[in-house]
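Undergrad: the following comprises the amino acid sequence and a computationally predicted model.
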Amino acid sequence: MRFSKNMSDMGANIQKGDTTTAASRREWPKDIVPVLILAAIFAAAMAWQWYDNRSQISELQHELAKRLAEAETFSKESRYLAGEASEAGRRMESKVGALDAKLSESQSEQLALEALYQELTKSRDEVTLEEVEQLLLIANQQLQLANNVKAALIALQEADVRLQRIERPQLTPVRKILSLDMDLLKTAPYVDTVGMSLRLDSLAREIDKLPLALELRPEEPKPSPDRPDTESTWLRLIREVWEDMKQLVRVQNMNKPDIALLPPSQAYFLRENLRLRLLSARNALLARNPASFKADIEASLNWTDRYFDTRSEAVSSMLETLRELRDSDVGVELPLISASLDAIRKYRLARDKGK
């Protein structure tokens with residue numbers, strides 16, 4: 001029953017719909033004009049849009065073709081530049097290879113030069129160290145044999161200058177010891193051993209020129225005044241005989257009653273013995289033997305004062321020099337400077353073992 005009712009309702013609706021469609025078909029000619037107008041406007045807009053899009057697409061295609069042409073040109077230039085760059089790279093590689101070869105050669109030469117320099121430096125340092133050792137040896141000899149503090153100090157200073165030129169940190173302890181030795185010499189009392197030795201040599205050379213006391217001669221008598229021509233011949237003869245007789249005997253006050261009257265041979269030995277005394281005093285001075293030095297100077301002083309003419313200027317000068325030498329202090333104890341010599345020898349020995 002329900003299904004028959006639904007079917008009847010559907011039939012009624014279909015009939016109603018058909019009635020509405022028929023009515024609409026009858027009203028269509030009135031509403032289609034605006035629709036057509038709108039459709040025409042829409043078609044015109046679409047046509048204009050299509051034309052505009054086509055123009056833009058054409059421009060884009062033209063621009064794209066232009067860009068492609070430019071890109072092709074740029075690509076050709078790029079390929080050309082790439083070829084040039086590749087060729088330049090090959091040339092650069094060849095140049096770099098040549099430079100590497102030259103660099104290797106220069107490095108080899110540099111290594112050879114460095115080795116040669118090291119060898120020369122070692123040789124130069126070795127020569128300098130030998131010179132320094134010789135200078136220190138000379139300084140010790142000057143101080144021990146000649147008591148020449150000044151010469152020893154000069155030798156030490158020169159050795160320090162030579163060590164300073166080497167510029168080796170290993171030499172710092174050696175230079176410190178050398179500096180201590182130089183300080184010792186600077187504070188040591190100065191004895192002019194060389195000057196005193198030269199003065200003794202000069203005195204020994206002047207001995208032969210010194211006049212002996214026994215060689216003194218009295219002053220010549222003054223000539224008697226001329227007699228008048230009226231003097232008789234006999235009186236003149238007697239007066240001349242008397243003058244000649246006075247010349248035969250001369251009386252002189254010698255001020256030294258104990259003057260030794262030496263014969264010429266003994267005078268020669270006296271001069272030689274005095275010379276030997278002076279030379280012995282010089283040797284005692286160099287040997288730093290003050291007792292022997294003063295004994296020889298005292299004996300030389302006594303002999304000169306006793307046997308030679310003290311009124312002579314040469315004898316007086318010699319006596320004054322001998323007194324100055326006698327009063328000189330030659331017994332000064334000088335410091336030892338062998339520490340620096342031992343230090344440089346130990347350094348050279350360690351250096352030779354390290355090679």
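TA: Yep, it's here.
Undergrad: from the contact counts, what lies against the helix or strand harbouring Asn53?
TA: Element membership for Asn53 (DSSP states H and E) is helix 2-145. Applying 3 or more Cβ pairs under 8 Å, 6 or more residues apart in numbering; DSSP states H and E, one finds that helix 2-145 contacts helix 149-166, helix 338-354. No exception for glycine: its C-beta is placed from N, CA and C like everyone else's.
Undergrad: so what secondary structure elements neighbour the last one?
TA: For helix 338-354, the contact count by 3+ Cβ pairs under 8 Å, 6+ apart identifies helix 2-145, helix 149-166, helix 172-187 as packing neighbours.
Undergrad: Arg351 is nearest to which of the ones you listed?
TA: When those are compared by Cβ to Cβ, helix 2-145 sits nearest Arg351, at 7.8 Å.
Undergrad: next, the angle helix 149-166 makes with that closest one.
TA: On the basis of axes from the mean of the first three to the mean of the last three Cα atoms, to 10 degrees, helix 2-145 is oriented at 160 degrees to helix 149-166.
Undergrad: quick one: helix 2-145 to chain centroid distance?
TA: Mean-position distance between helix 2-145 and its chain equals 63 Å (Cα atoms, centre = their mean, to the nearest Å).
Undergrad: in the host helix or strand of Leu198, what's buried?
TA: Leu198 belongs to helix 193-205 when assigned by DSSP H and E. Neighbour counts over helix 193-205 (16 or more other Cβ atoms under 10 Å) mark 193-194, 196-197, 199-200, 203-204 as buried.
Undergrad: buried set for the next helix or strand after it?
TA: Note on helix 193-205: by DSSP H and E, the next helix or strand toward the C-terminus is helix 233-248. Residues of helix 233-248 classed as buried: none (neighbour count, 16+ other Cβ under 10 Å).
Undergrad: the helix or strand that helix 233-248 is followed by to helix 193-205, inter-axis angle?
TA: Counting by DSSP H and E, the next helix or strand C-terminal to helix 233-248 is helix 264-286. Here the directions of helix 264-286 and helix 193-205 differ by 180 degrees (the same axes, to 10 degrees).
Undergrad: pLDDT below threshold where in the stretch 1-150 of the chain?
TA: Residues of the stretch 1-150 of the chain meeting the criterion pLDDT under 70: 1-31, 115-122.
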